[in-house]
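> need a structure here:
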Amino acid sequence: MIDEAAAGRVVSADGTPIAWFRSGDGPPLLLVHGTTADHTTFRVVGPLLARHHALFEMDRRGRGASGDALPYAIEREFEDVAAVIDAVAALAGRPVDVLGHSYGGRCALGAATLTSNVRRLVLYESAPAPRGASFERADVVARLRRLDAEGDRAGVLRTFMTEVVGSTPGEWAAFESSPVWEARLAASHTVVRELTSGSERDGRSDLLRLAARVGRPVLQLVGGASAPIFRRGTAALDAVLPDGRVVVLPGQKHAAHHGDPQRFVAEVERFLAEP
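A predicted model of the protein is given here:
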């Protein structure tokens, strides 16, 4: 994987530069990371996927090698991902498969309504959360805003990981000592805006309506041990997708690409191998 410098950049519809990194050879596959992350979250599964794919890993806006612009809206991220997809399709001379984790999957889903250059979509726990999710509580949002305003980046991540994602104390400790910790700290300022963006909270029905327009095959992966909000959200999204399916990864939670990378890659490859 290439980490020293961005392999390429595109300019999104609002003028924001979006960077991507390339490795491997084969049919094109774009990876879109979730909240708090950058492209390095795929450091384990990336080399495995690059054995059979030309792999493109983007940094979403506001982190890594990409730019940013305010005010924030998830719709700008739809445009970002669509711009990268179109650039990759032009390079490869063919439509692109897209794999999105969590919030990155929502961005990929929205992008699929803006471009015809998507072949297949893989989404890992990317569905809008059902109403009543912990992050909709005013106290959780207020605490995240306060921590962000105080510059307590670790506090933002701790609150997000434990109260929204559902990480255990042991999982949090492992996360804090992981190789991507510094990158996660650097992206902590994006947490609140992604949790409170219109299409994330009040507009969850808008995202489901968008999903109903996605005419490509969509695989949703969900961890068997994930928090109930992820399982319920996955079922709700599956109900509106014209061509969707769901695969449960036993024993996994919100980051199976770290917890069971071999199984994760096997399910992705099985789906993408279909014509």
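> C-alpha only now, for contacts and for neighbours.
Fine.
> where does the chain have low pLDDT?
Counting by pLDDT under 70, the ranges of the chain that qualify are 1-6, 130-137, 198-204.
> please repeat the previous calculation with a cut-off of 50.
1-4, 199-202 (pLDDT under 50).
> that one: helices as residue ranges?
Assigned by DSSP state H, the helices in the chain fall at 45-49, 74-92, 103-111, 138-149, 153-159, 169-176, 181-186, 191-195, 204-211, 228-240, 256-259, 261-272.
> how about those in a markdown table, adding distance to residue 29?
Formatted as a markdown table, the helices of the chain follow (distance: least, CA to CA, whole Å):
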| stretch | distance to residue 29 |
| --- | --- |
| helix 45-49 | 9 |
| helix 74-92 | 9 |
| helix 103-111 | 12 |
| helix 138-149 | 34 |
| helix 153-159 | 29 |
| helix 169-176 | 26 |
| helix 181-186 | 23 |
| helix 191-195 | 24 |
| helix 204-211 | 20 |
| helix 228-240 | 22 |
| helix 256-259 | 16 |
| helix 261-272 | 9 |
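> next up, the contacts around the residue positioned nearest the centre of the chain.
Of all residues in the chain, the one closest to the mean position by CA atoms, centre = their mean is residue 104, 2.1 Å from it. Counting by CA atoms under 8 Å, 6 or more residues apart in numbering, residue 104 makes contact with 32, 33, 34, 35, 126.
> just give me the closest of the residues you listed to residue 188.
residue 35 (8.5 Å; CA to CA).
> can you count the residues close to that closest one?
20 (other CA atoms under 10 Å).
> and it, how far is that from residue 102?
Using CA to CA, to the nearest Å, we find residue 35 at a distance of 7 Å from residue 102.
> my guess is residue 53 contacts residue 24. True?
Yes: using CA atoms under 8 Å, residue 53 is in contact with residue 24, at 5.8 Å.
> show me the contacts for residue 256.
Contacts of residue 256 by CA under 8 Å, 6+ apart are 223, 249, 264.
> from what I can see the last one touches residue 257, true?
Yes: in this structure, residue 264 sits in contact with residue 257. The criterion is CA under 8 Å, and the distance is 5.8 Å.
> hmm, back to that, deepest-packed of the helices of the chain, please.
helix 103-111 (a mean of 27; mean count of other CA atoms under 10 Å).
> now find how far off-centre that helix is within its chain.
Distance of helix 103-111 from the chain centroid (CA atoms, centre = their mean, to the nearest Å) equals 7 Å.
> what about residue 73, how many neighbours?
With other CA under 10 Å as criterion, residue 73 counts 16.
> enumerate every residue touching the closest residue to residue 64 other than its chain neighbours.
Once flanking residues are discounted, residue 64 sits nearest to residue 38: 6.1 Å by CA to CA, 6 or more residues apart in numbering. The neighbours of residue 38, taking CA under 8 Å, 6+ apart as the test, are 58, 59, 60, 63, 64, 183, 184, 187.
> measure the last one to residue 124 for me?
Translated: residue 187. Taken as CA to CA, the span from residue 187 to residue 124 is 20 Å.
> closest to residue 16 out of the helices of the chain?
helix 74-92 (8.2 Å).
> now do that closest one: which elements does it pack against?
strand 8-11, strand 17-23, strand 28-32, strand 96-101, helix 103-111 (3 or more CA pairs under 8 Å, 6 or more residues apart in numbering; DSSP states H and E).
> ok, which of those comes nearest residue 90?
Nearest of those (CA to CA): strand 96-101, 9.7 Å.
> how far is that closest one from where the chain is centred?
That offset, for strand 96-101, works out to 9 Å (CA atoms, centre = their mean).
> and stretch 155-171, by the same measure?
For stretch 155-171, the distance to the chain centre is 17 Å (CA atoms, centre = their mean).
> do stretch 13-29 as well
14 Å.
> what of stretch 143-153?
Distance of stretch 143-153 from its chain centroid, counting by CA atoms, centre = their mean, is 23 Å.
> distance of the residue nearest to residue 64 from residue 50?
Distance from residue 38 to residue 50, by CA to CA: 18 Å.
> got it, and residue 258?
Residue 258 is 16 Å from residue 50, by CA to CA.
> do residue 185 as well
Taken as CA to CA, the span from residue 185 to residue 50 is 27 Å.
> how near is the residue lying farthest from the centre of the chain to residue 144?
Distance from the centre of the chain peaks at residue 150, with 26.5 Å (CA atoms, centre = their mean). Remark: distance between residue 150 and residue 144 (CA to CA) = 10 Å.
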